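Enquirer: okay, sequence plus prediction incoming.
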Amino acid sequence: MQNDLHEANRLSWNAATVAHNSHKGDQATFFRNGGSTLYPEEIELLGDLSGLDLLHLQCNAGQDSLSLARLGANVTGVDISDEAIAFATRLSRESGVAATFERADLFHWFDTARARGLTFDRVFASYGTICWLSDLGPWARGIASVLKPGGRFAFIEFHPFAMVFDEKWQPRYDYAPREPVSEPGVGDYVAASGTGLAQNGYEEGVVDFRNPHPSFEFNWGIADVVQALIDAGLRIECLKEYPYSNGWVGFEAMRDGGSGRMLPPEAMPSVPLMYAIAAARPKSAAAVASRRETVIRPYRAEDRDRLVDIWLAASSVGHPFLGEERLLVQLEMVRDTYLPMADNWVAEVDGRPAGFIGLIDSFIGGLFVDPQIHGAGIGRGLIEHAAERLGRLEVSVYADNGDAVEFYRRRGFVETGRQETDDEGLPFAVIHMARGD
C-alpha cells in the first residue's frame, strides 16, 4: 500500500469535493422530496435492500449512500476525504435520511472493522473508486472479511478499456499500467458532465476550478479485479459490460442516449464504457473447504499480508475482550515481529492460505484459521502436522476464549498451569496446556 499517494489523493479530493457540490444546488431538499442519484444498473445488482446492513465503500459526499438508505438499507459510508464525509454527515442530518459516515483510508478502515466485528449483508462501490487504491489484494480481502455468509458485493465501474483514451478519443495510456499515473489533481468532472451528475439541476458554482493538490491514479484491468475477488474467496456471480457511461461525460462529443446514459459520438464504433460485477461470500465456507484439497507448507514472505488478515479476523472472533485498540497494537507485533521470528506453517485450501500455526521450538505461539472456514478441519490438521514433526506441544490460551480451550482439550491437550494475567501484565487469565511426552 502506498500511503503517501493515498494521502496526496485525500488532499486532492478535499479540494475537488467543494467544487463538485457547488454545482448541485439544494441537495437536502432534493432528498427530502424523495430524490435519488442511483441508476437502474446499481439497483439491479444490489437487489432488495429492505432491512439489510449495507457498506458503501468510497462513498464520496454521500448522495448515493442516502439514495440506498431510502431503499430501506442501514447504510454505513466510508471515504478518505474529510470534506466528503463532513458534507455527507451534514446532508444526512439536513435531509432527514439516516446513514452513518466514517472518514478513513479504506485499508485502515477494514482493519478496524474486523477488530470491531462489523459485518454487512451488502457491500457496494461504484464509479471511479478502485483507481484511487494502490493494491487490490487488501481491498478484496477486506470486502470478504466484512461480508456476512451469503452476503453480496455489488460493484460497477468505468471500463478500463475506456481509460486508454484521452479526452479526444485518442489512444494515449497503457491498459492497466503497473505504475501509478500522476495527474494535476482531481478535476471538476461535475462541471464537465452538467445535468448528468447534477440530478437536482445544474448550477454554475465554482468556475474554472484548478486543484492545488496533485493526484495519483492506479488503473486496474478487469482481470486484476476478478482475480483479486476470487483470491479473497468470493464467488463471481455475474460480469457485465455496458456501451455507455452513466452520467459521466469523460470524452468530447459524447451524446445522451436517454436517462443519463452517455454514448460515444455516432461516428465511432461501440466500445465498453462501464462494467459491473456481483460476487458473493459462500453461505457455508467450511463445508466447501472440507471438500477441497488442503496442503500444509512452510511460510513464505509473500504470505504475510494474508496471514495478518487471518490473524485479525480470527482474533476479533476469539479475543473480543481485548478491545479494538489492543488488537490493532498486537497486529503490528504479529506482522513485524512474530511472523518473521517464528517457525510458521501455512494451510492452503486450493492454493490460498486459510490458516497458519506459528511455533517457537515446541511452543505454539499462535494457531489461527480464517473464521469463514471454521469447522473444516484446518486447525486440527495444523496441530497434527506439528505433533508429527515435534512430538510434545505446549500452548497458552486465554481463559476467556472458551472455544479455543475446548479445541485444544479435544486435541489431547491437558492443563499444566494457570496465571491470572497475560504476558503483558493485563488482567486476562491464561491457561497453559501441553500434549505428548
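Expert: Sure, I can see it. Quick caveat: nothing in here was measured; it's all calculated off a predicted structure.
Enquirer: contacts and neighbour counts: CA atoms only from here.
Expert: Will do.
Enquirer: neighbours of residue 309, just the number please.
Expert: 21 (other Cα atoms under 10 Å).
Enquirer: that one and residue 139, how far apart?
Expert: To residue 139, residue 309 is 11 Å away according to Cα to Cα, to the nearest Å.
Enquirer: repeat for residue 236
Expert: Here residue 236 is placed at a distance of 16 Å from residue 139 (Cα to Cα).
Enquirer: more neighbours: the two, which one.
Expert: Comparing residue 236 with residue 139 by other Cα under 10 Å, the one with more neighbours is residue 139, at 21 against 17.
Enquirer: hmm, that one is touching residue 105, no?
Expert: No: at 11.0 Å, residue 139 and residue 105 do not qualify as touching, with contact defined as Cα atoms under 8 Å.
Enquirer: where do the contact lists of these two overlap?
Expert: Common contacts of residue 139 and residue 105 (Cα atoms under 8 Å, 6 or more residues apart in numbering): none found.
Enquirer: now do the contacts for residue 235.
Expert: Taking Cα under 8 Å, 6+ apart, one finds 229, 279, 280, 281, 282 in contact with residue 235.
Enquirer: partner residues bridging it?
Expert: For residue 235, the beta-bridge partners are residue 280 (DSSP bridges).
Enquirer: number the chain from 59, please
Expert: Sure, I'll start counting at 59 from here, so that last one is residue 293.
Enquirer: just the pLDDT for it.
Expert: Note on residue 293: pLDDT of 92.
Enquirer: now swap in residue 344 and tell me
Expert: pLDDT recorded at residue 344 is 53.
Enquirer: could you do residue 349 as well?
Expert: Predicted confidence (pLDDT) for residue 349: 50.
Enquirer: same deal with residue 251?
Expert: pLDDT, residue 251: 71.
Enquirer: so what strands line up beside the helix or strand containing residue 452?
Expert: Secondary structure assigned from DSSP states H and E places residue 452 in strand 451-456. If you go by DSSP bridges, strand 451-456 pairs up with strand 421-427 (parallel), strand 488-493 (antiparallel).
Enquirer: so which of those strands gets nearest residue 241?
Expert: strand 421-427 (41.7 Å; Cα to Cα).
Enquirer: ranges for the helices of the stretch 209-358 of the chain?
Expert: Per DSSP state H, counting those that start in this stretch, the stretch 209-358 of the chain carries helices over the ranges 247-251, 280-289, 343-348.
Enquirer: dump these into CSV; add mean neighbour count and distance to residue 328 as well.
Expert: CSV is the format used below for the helices of the stretch 209-358 of the chain (neighbours: other Cα atoms under 10 Å; distance: least, Cα to Cα, whole Å):
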stretch, mean neighbour count, distance to residue 328
helix 247-251, 20, 20
helix 280-289, 17, 18
helix 343-348, 17, 40
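Enquirer: select, out of the ones you listed, the one closest to residue 229.
Expert: Closest to residue 229 of these is helix 280-289 (Cα to Cα; 18.4 Å).
Enquirer: state the next helix or strand along the chain beyond the strand holding residue 452.
Expert: Defined by DSSP H and E, the subsequent element after strand 451-456 is helix 460-468.
Enquirer: relative to residue 337, how far out is residue 239?
Expert: From residue 239 over to residue 337 the distance is 28 Å, taken as Cα to Cα.
Enquirer: same question but for residue 112, I mixed them up
Expert: 15 Å.
Enquirer: which one of those two has more residues nearby?
Expert: residue 112 (27 against 24).
Enquirer: where does the stretch 159-308 of the chain have low pLDDT?
Expert: Along the stretch 159-308 of the chain, segments meeting pLDDT under 70 span 254-256, 260.
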